[in-house]
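J.: quick one, fold the following:
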Amino acid sequence: MTKSATFKCMQDSTREDWEIIKPQAAQYFSHLPDRVLAHLKLLEGEYSGFPIDRYNHCLQTATLAMKDGRDDEYVVCALLHDVGDTLGSYNHPEIAAALLKPFVSEATLWMIEHHGIFQGHNFFHHLDMDRNMRDQFKENGCYQRTEEFVDLYDSPAFDPARETYPLSAFEPLVRRVMGKPKRSVYKSITSGG
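T.: Got it, this is the predicted structure:
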């Protein structure tokens, strides 16, 4: 049986309570990749009119990035770029970015957070929206990186006939990238510092 802290109000907690909590929290944090992968699988069977479901779109996007020799961080972001679709239908890029923020570079984070607007260049005009909305970011140093992500990986990943690696091909990368945060106020729980 796991020992529990005894306080009933956070402000009454003690160092002894946190000596109980910290290792258990670290154990919980270590399972984040499992929870993220399980959440990604919720996209399976969700077509919303697209030629492939959102789960396979994510796998296909990551497959294209991996086959192109992108680094682990980039491939993981390609895999998870639409993971926010289930909870943030109106802001899925921001949901994915919030999830990835502790683990990726600022440039990759910006790319994921803004990929929806950049993808809109391909279809916003069909919805009576401004397809050039991305132009507001022309001066941003991440513009070209985000445009390239959409053009090379996100946009072409709706092909039912395209080779698509299984999730198992990406699991080790997810565990590696999400195994150690680069920045977080809770970083000391898992890193000891």
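J.: I'd say residue 125 and residue 131 touch.
T.: Yes - between residue 125 and residue 131 a contact is recorded at 4.2 Å, counting by CB atoms under 8 Å. The way it works is simple: take the backbone N, C-alpha and C, and place the C-beta from them, glycine included.
J.: show me where this structure has its helices.
T.: All helices of the chain, identified by DSSP state H, fall at 15-30, 32-41, 54-67, 72-80, 92-100, 106-119, 143-149, 171-177, 187-191.
J.: any idea which of these is most buried?
T.: Burial of the helices of the chain is given as mean neighbour count (mean count of other CB atoms under 10 Å); helix 72-80 ranks first at a mean of 25.
J.: contacting residues around that helix?
T.: Outside helix 72-80, the residues that touch it by CB atoms under 8 Å, 6 or more residues apart in numbering are 36, 40, 58-59, 61-62, 64-66, 70, 96, 99-100, 103-105, 108, 111-112, 149, 153-154, 170, 173-174, 176-178.
J.: got the CA positions of that helix in CSV?
T.: C-alpha atoms of helix 72-80 as CSV (Å, rounded to 0.1, in the frame of the first residue of the first chain):
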residue,chain,number,x,y,z
ASP,A,72,13.3,12.7,-32.9
GLU,A,73,11.8,16.0,-31.6
TYR,A,74,10.4,16.9,-35.0
VAL,A,75,9.0,13.5,-35.7
VAL,A,76,7.3,13.4,-32.3
CYS,A,77,5.8,16.8,-33.0
ALA,A,78,4.6,15.6,-36.4
LEU,A,79,3.0,12.6,-34.7
LEU,A,80,1.3,14.7,-32.1
